[in-house]
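Novice: I would like the atomic coordinates for the input below:
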Amino acid sequence: MFYAIPLENRPTWRNPPWMTVLLILVNMLVFWGPQRSEEKAQDRAAAFYVASPLPAIEVPRFVAWLEETGDKHLKEARALQKAGDHRMLLRWMEQEDGFQQRLKSPRFVPPEDPQYTDWKAARTQYEARMPAPFTRKWAQNFEKDAELRPVTWLTATFLHGSTGHLIGNMVFLFLFGFSVELALGRGWYLAFYLLGGLGGSLLAGWAYAGMGSYGLGASGAVSALMGMYAVLYRLRRVRFFYQLFFYFNYVTAPALLLLPAWIGNELLQHWLSGKGVAYMAHLGGLVTGASLMALAMLLGKKPMEVPVTQDAALDDGFDAHVANAQRLAQGMKFEQALAQWRAAAKLRPQDQAVLSAWFKTASLWPDGEDFHRAARRIFRLHAHDEQTLQFQHASYRTYFEKAKPGARLQPDDMARLSRRFARAQQWGDAEKLFNALHMTAPTHPELGDTLGMLVSALCHAGRREQAAALGPQLKQLAPGSAALRGLA
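Specialist: You can find the predicted model right below:
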């Protein structure tokens with residue numbers, strides 16, 4: 001077997017992965033709620049079964065049925081019968097739909113049989129103690145000629161066979177889920193998670209059709225998250241813990257290289273192992289998740305912001321650069337300090353303290369490239385909290401006033417800052433940036449959305465007259481927008 005677990009990233013509680021936590025809670029509630037209640041009721045019914053006359057009547061007939069059908073596990077059944085392990089045999093019998101059909105037939109124990117009266121009474125009492133089916137009802141059915149129930153392709157992904165099965169899946173769901181959720185956003189993340197589970201179920205349904213038993217578990221959906229993770233990080237080198245059979249170690253490698261390794265492992269396990277683990281569900285999830293993430297990135301509907309951890313697993317020299325920059329600044333060696341801040345910002349592109357120090361030091365040379373680069377890095381911060389918005393706006397004002405020969409903003413930066421300043425109620429700068437975007441990039445794809453957000457923010461703040469003044473322009477750029485309907 002082969003496992004690879006990312007160690008580089010940890011969740012940020014400034015933007016908690018609530019959807020990942022919610023999915024974990026739903027899986028746990030299903031398992032510890034209706035599934036556990038069903039299991040307890042089955043245990044009570046099994047205790048009655050073992051103490052009743054049923055094993056003496058049904059077990060020999062079950063072993064005879066296995067012999068009649070040429071079952072390859074007949075020897076194991078005889079060993080269990082000889083050992084008197086009636087609980088295990090009962091569980092086995094109830095998973096064999098063919099035998100259950102025979103058991104319900106009138107000739108299983110015919111009325112003329114001397115054992116019929118005892119069997120019928122005990123069987124009636126046993127069935128009365130059995131709970132209404134839950135797990136088998138909502139799991140995938142791999143029996144031959146099973147009824148097609150598409151709803152189970154999804155419901156099966158929230159069921160688990162044991163506590164170990166549940167915990168294993170939930171650990172991997174958390175390890176991969178929080179990074180993918182922060183990149184996609186909660187809505188798309190949930191949609192991709194469910195679609196990944198469906199992809200795993202579909203391939204498992206095709207691969208195991210007619211093989212008997214049933215399929216359940218979040219493994220397909222979790223494998224989809226692994227595929228999404230590999231495509232999201234692509235060639236970025238990520239530190240992984242891996243286990244290959246009895247060997248384990250750490251490795252730093254491009255994330256995308258793990259996708260073929262995971263796929264190869266699932267295929268190998270499928271060929272070498274039995275049907276106890278649905279490796280085809282894992283494979284289906286991997287392929288579905290990787291395809292969904294690749295498609296999302298190709299269409300560009302959602303900018304992929306790869307989560308970056310502030311704490312590196314390895315010493316990359318960041319602390320040394322910061323310490324050197326502070327020491328040089330104290331010694332009034334600002335030009336040398338500038339190079340150190342630049343190097344630190346390259347290692348931590350989302351660290352506001354470092355970006356602020358780099359920007360302030362670079363402002364001593366307002367015509368230098370560092371000043372423009374530091375400003376662009378600040379304007380492209382991922383966080384959307386109030387502190388970040390204030391930092392970006394203050395930096396924008398300084399940059400706009402000092403930059404020589406003038407500010408150098410890319411159209412994407414103008415659109416992003418205009419929308420952010422609208423949320424921060426910096427109306428003048430938001431409108432100024434929109435006008436600059438309209439003038440320099442009149443065909444920019446986010447032009448209409450940017451103006452729509454500005455108009456919506458003005459309306460929400462009670463500035464309807466100011467919003468109405470932008471109405472004609474909005475009607476031209478985004479005639480079907482919600483913001484325009486809100487002005488009507």
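Novice: against residue 191, how distant is residue 178?
Specialist: To residue 191, residue 178 is 17 Å away according to C-beta to C-beta, to the nearest Å. C-betas here are computed from N, CA, C, even on glycine.
Novice: so between these two, which is more surrounded?
Specialist: residue 178 (24 against 12; other C-beta atoms under 10 Å).
Novice: wait, that one sits on residue 17?
Specialist: Yes. At 3.7 Å, residue 178 counts as touching residue 17 under the criterion of C-beta atoms under 8 Å.
Novice: domain parsing for the chain?
Specialist: Domains of the chain are assigned by automatic domain parsing as 2-27+148-299, 31-138, 318-487.
Novice: what's the most buried one of those?
Specialist: By mean neighbour count, with neighbours taken as mean count of other C-beta atoms under 10 Å, domain 2-27+148-299 ranks first of those at a mean of 19.
Novice: does the residue nearest the centre of the chain belong to a helix or a strand, and which?
Specialist: The geometric centre of the chain, computed from its C-alpha atoms, lies nearest to residue 177 (C-alpha atoms, centre = their mean), at 3.6 Å. Applying DSSP states H and E as the criterion places residue 177 in helix 163-184.
Novice: hey, what's the angle from the helix or strand following that helix to helix 163-184? Just curious.
Specialist: Per DSSP H and E, helix 163-184 leads on to helix 186-208 as the next helix or strand towards the C-terminus. Interaxial angle of helix 186-208 relative to helix 163-184 (axes from the mean of the first three to the mean of the last three C-alpha atoms, to 10 degrees): 130 degrees.
Novice: what about the stretch 301-450 of the chain, any weak spots by pLDDT?
Specialist: 301-316 (pLDDT under 70).
Novice: what ranges does it have for its helices?
Specialist: Applying DSSP state H, counting those that start in this stretch to the stretch 301-450 of the chain gives helices spanning 318-330, 334-347, 352-362, 369-379, 386-402, 411-423, 427-440, 447-460.
Novice: the stretch 51-200 of the chain too?
Specialist: 54-69, 74-83, 86-95, 97-103, 116-129, 135-138, 151-155, 163-184, 186-208.
Novice: now tabulate the ones you listed in TSV and tack on mean pLDDT and distance to residue 322.
Specialist: Converted to TSV, those look like this (pLDDT from 0 to 100; distance: least, C-beta to C-beta, whole Å):
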stretch	mean pLDDT	distance to residue 322
helix 54-69	93	71
helix 74-83	92	65
helix 86-95	90	61
helix 97-103	88	66
helix 116-129	93	68
helix 135-138	90	54
helix 151-155	94	49
helix 163-184	88	25
helix 186-208	92	34
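Novice: any idea which of these gets closest to residue 270?
Specialist: Judged by C-beta to C-beta, the one of the helices of the stretch 51-200 of the chain that comes nearest to residue 270 is helix 186-208, at 7.6 Å.
Novice: next SSE downstream of that closest one?
Specialist: Following helix 186-208 in sequence, per DSSP H and E, is strand 214-215.
Novice: state the distance from residue 150 to residue 197.
Specialist: As for residue 150, its distance to residue 197 is 13 Å (criterion: C-beta to C-beta).
Novice: nearest spatial neighbour of the residue nearest to the centre of the chain, skipping sequence neighbours?
Specialist: residue 20 (3.8 Å; C-beta to C-beta, 6 or more residues apart in numbering).
Novice: please enumerate residues in contact with stretch 107-115?
Specialist: Outside stretch 107-115, the residues that touch it by C-beta atoms under 8 Å, 6 or more residues apart in numbering are 53, 57, 61, 102, 116, 119, 120.
Novice: any idea how far residue 89 is from the third one?
Specialist: I take that to be residue 61. Residue 61 is 11 Å from residue 89, by C-beta to C-beta.
Novice: also the first one?
Specialist: Distance check for residue 53 against residue 89: by C-beta to C-beta, it reads 15 Å.
Novice: for the second one, same thing?
Specialist: Taking C-beta to C-beta as the criterion, residue 57 is separated from residue 89 by 13 Å.
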